[in-house]
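Peer 1: Give me a model of this one.
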Amino acid sequence: MRLSALALGTTLALGTAAGLAQAAPLDNEPLAARSVAPAAAPAAAAAPAAWAAGTRAYLVITAPGDTTAVRNAVAANGGSVFSSFDAIGVIVAHSTSASFAATMRGVAGVQKVGATRTSDVPADAYNPALPANPTQAAAPTTEPVRSDMTQIKADQAWAVNQGSATVKVGILDTGVDDQHQDLAPNFNAADSVSCAYGKPDTRVGAWRDVDTHGTHVAGTVAAAKNGKGAIGVAPGVKISSVRIAEPGTTLFFAENTICGLVWAGDHGFKVTNNSYYTDPWQFNCPNDLDQAAILEGVGRAQAYAEGKGSLQVAAAGNSNVDLANKTTDTSSPNDSTPVTRTLTNDCLDIPAELPGVVTVAANGTSGTSKASFSNYGKDVIEVSAPGESVYSTAPGGKYATLSGTSMASPHVAGVAALLASANPAYTPADIRAKLGEQATDLACPADARCTGTTAKNSFFGEGRVDALKAVGGSTPPAGAYFENLTDVAIPDNTTVESAITVSGVTGNAPATLKVGVDIKHTYIGDLKVDLVAPDGSVYSLHNRTGSGTDNILQTYTVNASSEVANGVWKLRVSDNATADTGKIDAWNLTF
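Peer 2: The predicted model follows:
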């Protein structure tokens with residue numbers, strides 16, 4: 001059920017970080033108390049006219065392609081086809097017959113059959129209610145840069161590349177509040193959907209949040225850099241909501257996950273974030289016929305999405321267990337009565353442990369520790385990211401501070417989106433490799449459970465992700481880099497200034513003073529941009545060139561060797577025409 005996310009307290013509006021409400025024992029434990037808001041396309045056969053008590057859902061696995069014969073066999077053996085993903089040979093069937101799975105396993109062309117849940121399919125599956133569209137709170141008037149973003153150098157990356165609007169990130173989760181003031185600018189409704197119950201529901205608003213979790217995750221990936229509340233790792237990319245959680249339970253059953261991953265592949269998502277495990281089994285074991293079908297179906301869906309160019313990023317889970325040395329599971333199935341069962345390493349937490357998926361552990365607040373709840377495992381964890389006391393968006397224009405590997409994973413998805421923005425030709429394998437290569441190495445603490453080297457170990461994988469390296473930047477020299485991230489509006493026919501106070505630099509500025517400029521404007525031919533030294537000397541950077549080109553994102557080199565370094569430097573921007581306006585988004589000086 002819900003996400004690799006914690007069982008943690010929340011703070012709404014602009015509150016301070018909340019503490020753990022409990023020790024986050026389960027990957028899918030609710031974030032706080034369980035509270036739910038009111039309540040190529042896959043081929044889908046007509047569902048039964050009415051819901052019947054005792055209806056269960058099954059995956060029927062066959063060869064990809066034409067599934068007609070097997071779909072007919074479903075109907076002939078006491079079932080009905082709810083949806084069919086022919087490209088991967090997966091059929092979602094419903095039946096009230098206790099012998100349905102056993103019967104279908106004997107049908108020619110059927111490879112695997114498995115129940116996806118140990119509870120009945122809800123009646124809502126046949127006539128889903130739309131989630132609530134919450135009233136929005138007043139927008140905050142501040143947008144501080146928070147420690148999780150500085151730890152992965154996202155704040156420095158924004159001055160280089162905030163992400164491309166051509167890069168789409170899918171949020172496979174509880175849904176997303178698309179009306180939130182920090183998410184609306186980057187929300188892509190055209191590619192959003194509900195996959196609850198295992199069939200695409202494209203009605204307007206079907207993608208909205210039935211909890212809080214998905215909206216929080218979405219903000220960490222791509223909350224807009226707009227002076228309000230929070231900033232995402234990649235504030236320039238587009239996000240789509242793929243709701244795979246069912247209302248009421250917020251469980252993510254296999255058919256929902258399969259629907260979401262196929263949708264991601266068919267709709268061009270470059271990256272998806274998956275902060276959950278596939279319910280009702282925390283680990284799916286191949287020696288169980290039902291779970292073997294789940295492993296096969298979800299695995300095919302992941303491979304399909306990756307083959308279409310989509311990289312999946314997933315949370316490692318919050319059970320504080322070694323995924324490389326599994327022993328027991330006492331929490332599954334979580335849709336009925338859990339049992340204690342013995343595990344082997346063949347039993348997988350999916351989608352996190354599927355081939356090709358980036359598995360993410362959570363760092364503690366220091367940025368260099370393992371969060372107490374985070375799962376770990378040598379050669380299982382690939383990278384880590386901040387996951388404790390993360391501040392992000394919540395439904396209704398609000399904000400929340402949450403903890404969990406669910407919060408770490410979207411940091412990595414955001415960095416992956418920046419990599420895709422800076423390198424449009426990168427494949428999922430390229431992005432996955434770069435995330436590890438560019439990560440900041442973290443040494444094992446004094447903890448015998450952490451094995452491996454500083455370069456790669458069981459707690460952090462290849463290290464904490466680095467957003468600045470993802471966009472081709474480098475860390476500025478200590479004490480010689482100064483930046484102003486405060487937005488300054490540029491009205492028509494007006495001159496504005498943004499100031500940076502430089503201190504602690506000996507002597508004069510260099511002959512190669514670097515001036516990084518990030519101006520958002522829809523007609524840069526209107527603009528004159530100057531650097532003004534502390535003594536009032538003016539250095540021209542841009543003088544009404546570029547005609548109708550959008551935006552100035554450039555680093556200029558200025559010979560300022562005659563200027564004393566310390567003092568107030570200004571970026572002066574003049575708009576010399578009407579009809580087009582913009583803002584100074586950020587600028588910096590490197591001495």
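Peer 1: And Ser84, what's its pLDDT?
Peer 2: pLDDT recorded at Ser84 is 98.
Peer 1: what helix or strand is it on?
Peer 2: Per DSSP states H and E: Ser84 is located in strand 79-85.
Peer 1: Parallel or antiparallel, list what pairs with the helix or strand just after that strand.
Peer 2: Per DSSP H and E, the first helix or strand lying C-terminal to strand 79-85 is strand 90-95. Using DSSP bridges, strand 90-95 pairs in its sheet with strand 56-62 (antiparallel), strand 79-85 (antiparallel).
Peer 1: Can you point out the buried residues in the last one?
Peer 2: For strand 79-85, the buried set under the neighbour-count rule, 16 or more other C-beta atoms under 10 Å, comprises 79-85. Backbone N, C-alpha and C define where each C-beta goes, glycine included.
Peer 1: how about that strand as CSV, C-alpha atoms only?
Peer 2: This file holds the C-alpha atoms of strand 79-85, laid out as CSV (Å, rounded to 0.1, in the frame of the first residue of the first chain):
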residue,chain,number,x,y,z
GLY,A,79,-14.0,-14.9,-15.8
SER,A,80,-14.2,-11.5,-17.5
VAL,A,81,-11.5,-9.4,-19.1
PHE,A,82,-11.2,-6.1,-17.2
SER,A,83,-8.2,-4.8,-19.3
SER,A,84,-5.6,-6.2,-21.6
PHE,A,85,-2.0,-5.0,-22.3
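Peer 1: Out of the strands paired with strand 90-95, which gets nearest to Ser366?
Peer 2: Of all those, strand 56-62 sits nearest to Ser366, with 42.7 Å by C-beta to C-beta.
Peer 1: Just give the closest residue to Asn284, not the sequence neighbours.
Peer 2: Nearest in space to Asn284, with sequence neighbours left out and distances taken as C-beta to C-beta, 6 or more residues apart in numbering, is Gln291 at 4.0 Å.
Peer 1: Tell me how far Pro428 lies from Ile61.
Peer 2: To Ile61, Pro428 is 24 Å away according to C-beta to C-beta, to the nearest Å.
Peer 1: quick one on the thing from earlier: can you give me the offset of the strand holding Ser84 from its chain's centre?
Peer 2: When distances are taken as C-alpha atoms, centre = their mean, to the nearest Å, strand 79-85 is centred 30 Å away from the chain's centroid.
Peer 1: contacting residues around the spatially closest residue to Lys270 that is not a sequence neighbour?
Peer 2: Once flanking residues are discounted, Lys270 sits nearest to Ala420: 4.5 Å by C-beta to C-beta, 6+ apart. Applying C-beta atoms under 8 Å, 6 or more residues apart in numbering, we find Ala420 in contact with 164, 167, 270-271, 426, 431.
Peer 1: what's the first-to-last distance across stretch 157-167?
Peer 2: By C-alpha to C-alpha, to the nearest Å, the extent of stretch 157-167 from end to end equals 16 Å.
Peer 1: Report the mean per-residue pLDDT for that stretch.
Peer 2: 95.
Peer 1: picking that back up, tell me if I am right that the residue nearest to Lys270 is in a helix.
Peer 2: Yes - according to DSSP: H, G, I helix; E, B strand; the rest coil, the state of Ala420 is that of a helix.
Peer 1: which stretches of the protein form helices?
Peer 2: Ranges of helices in the chain, per DSSP state H, are 68-76, 100-104, 147-151, 154-157, 213-222, 254-266, 289-307, 405-422, 428-437, 467-470.
Peer 1: Can you dump the C-alpha atoms of stretch 195-209 in CSV for me?
Peer 2: Extracted in CSV, the C-alpha atoms of stretch 195-209 (Å, rounded to 0.1, in the frame of the first residue of the first chain):
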residue,chain,number,x,y,z
CYS,A,195,-4.6,3.5,-13.5
ALA,A,196,-6.3,2.5,-10.2
TYR,A,197,-7.8,-1.0,-10.6
GLY,A,198,-5.6,-1.6,-13.7
LYS,A,199,-7.4,0.2,-16.5
PRO,A,200,-6.6,3.8,-17.8
ASP,A,201,-9.2,6.4,-16.7
THR,A,202,-8.5,9.6,-18.7
ARG,A,203,-11.4,11.6,-17.3
VAL,A,204,-10.3,15.1,-16.2
GLY,A,205,-9.2,15.0,-12.6
ALA,A,206,-9.0,11.2,-12.3
TRP,A,207,-5.3,11.7,-11.7
ARG,A,208,-5.8,13.8,-8.6
ASP,A,209,-4.5,12.9,-5.2
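Peer 1: buried stuff in it?
Peer 2: Using 16+ other C-beta under 10 Å as the test for burial, stretch 195-209 gives 195-201, 205-209.
Peer 1: cool, and stretch 422-433?
Peer 2: Within stretch 422-433, the residues scored as buried using 16+ other C-beta under 10 Å are 422, 426, 428, 431-432.
Peer 1: Over to stretch 540-547?
Peer 2: By 16+ other C-beta under 10 Å, the buried positions in stretch 540-547 come out as 541-542.
Peer 1: Need the mean per-residue confidence for it.
Peer 2: In this model, stretch 540-547 has a mean pLDDT of 92.
Peer 1: and what of stretch 388-402?
Peer 2: Mean predicted confidence for stretch 388-402 is 98.
Peer 1: so can I have TSV of the helices of the chain showing distance to Lys378?
Peer 2: Formatted as TSV, those follow (distance: least, C-beta to C-beta, whole Å):
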stretch	distance to Lys378
helix 68-76	41
helix 100-104	36
helix 147-151	23
helix 154-157	28
helix 213-222	27
helix 254-266	26
helix 289-307	22
helix 405-422	17
helix 428-437	14
helix 467-470	24
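Peer 1: right, so of those, which gets closest to Thr278?
Peer 2: helix 254-266 (5.0 Å).
Peer 1: how about that closest one as CSV, C-alpha atoms only?
Peer 2: Only the C-alpha atoms of helix 254-266 are listed here, as CSV (Å, rounded to 0.1, in the frame of the first residue of the first chain):
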residue,chain,number,x,y,z
ALA,A,254,0.1,-5.3,-9.6
GLU,A,255,-2.5,-4.5,-12.3
ASN,A,256,-2.3,-0.8,-11.3
THR,A,257,1.5,-0.8,-11.5
ILE,A,258,1.4,-2.6,-14.9
CYS,A,259,-1.1,-0.1,-16.3
GLY,A,260,1.1,2.8,-15.0
LEU,A,261,4.4,1.5,-16.5
VAL,A,262,2.8,0.7,-19.9
TRP,A,263,1.3,4.2,-19.9
ALA,A,264,4.7,5.7,-19.1
GLY,A,265,6.2,3.9,-22.1
ASP,A,266,3.4,4.8,-24.5
